[in-house]
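Trainee: Dropping the sequence and predicted coords here.
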Amino acid sequence: MSDLKKKALYFLARRDYAYHELFEKLNSYTQEEDSIYTVLNELKAKGWLSEERFISSYINSKSKKYGLLKIKHLLYRKSGDIDLVDELLKSSDVDQLEVAYQLWIKKFGDSFEVLEQKTIARGVRFLQSRGFGFDIIKAVLDKLRVFDANLHYD
């Protein structure tokens, strides 16, 4: 067994990797790209390197802290298969509203009766930075009844 294959198996034993991500990791050890592709294709053929498994695992691990927009952005940087990323994100059963709501409670507490405009704005920016779209953020604010109590639009 080659040293490159041993190194790849060592990495895969610890966690799943995307094909591109593992290529970059192995490329830091050797500049022989043909050898790296040979090893990666062999591992992929044996089922030890799976893009779908990596993406699913990544979505599951990050969905407790981030919205699907942020996860999508992070996966685009790690995986070369953008279509598979989009497909698995669409089929994921992550309840973004509940995740965003729980993040809000953890960050800002649960006393919502007297939320100030500054706190609401900070909360909106916080959820946006975590990758939640405005539809989810508005649903969180509706769930907190913030729009009714504090925001007046004419």
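Mentor: On my side now, so go ahead.

Trainee: what residue ranges in this protein score low on pLDDT?
Mentor: 1, 110-115, 146-154 (pLDDT under 70).

Trainee: Can you give me the domain assignment for it?
Mentor: Following automatic domain parsing, one finds the domains of the chain at 1-49, 50-94, 96-150.

Trainee: any chance of the ones you listed in JSON lines, with mean neighbour count too?
Mentor: Any C-beta I mention is one placed from the backbone N, CA and C, and that applies to glycine too. Rendered in JSON lines, the data for these read as follows (neighbours: other CB atoms under 10 Å):
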{"stretch": "domain 1-49", "mean neighbour count": "14"}
{"stretch": "domain 50-94", "mean neighbour count": "16"}
{"stretch": "domain 96-150", "mean neighbour count": "15"}
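
Trainee: So which residue is dead centre in this structure?
Mentor: Residue closest to the average C-alpha location in the chain (CA atoms, centre = their mean): I71, at 2.6 Å.

Trainee: Name the nearest residue to it, sequence neighbours excluded.
Mentor: Distances taken as CB to CB, 6 or more residues apart in numbering put K62 closest to I71, at 5.0 Å, once the chain neighbours are dropped.

Trainee: how much space between the one you found and K70?
Mentor: 8 Å (CB to CB, to the nearest Å).

Trainee: re the thing from before, correct me if wrong: the residue nearest to I71 contacts K72.
Mentor: No - K62 lies out of contact with K72 (CB atoms under 8 Å); the separation is 10.3 Å.

Trainee: re the thing from before, look up how far V99 lies from the residue nearest to I71.
Mentor: In this structure, K62 lies at 10 Å from V99, with CB to CB as the measure.

Trainee: Equivalent analysis for L141, please.
Mentor: 15 Å.

Trainee: who touches D81 in this structure?
Mentor: D81 is in contact with Y19, E51, I55, counting by CB atoms under 8 Å, 6 or more residues apart in numbering.

Trainee: for the helix or strand hosting the last one, packing partners?
Mentor: This means I55. Under the assignment given by DSSP states H and E, the secondary-structure element containing I55 is helix 51-62. Using 3 or more CB pairs under 8 Å, 6 or more residues apart in numbering; DSSP states H and E as the contact definition, the elements that helix 51-62 packs against are helix 68-78, helix 82-91.
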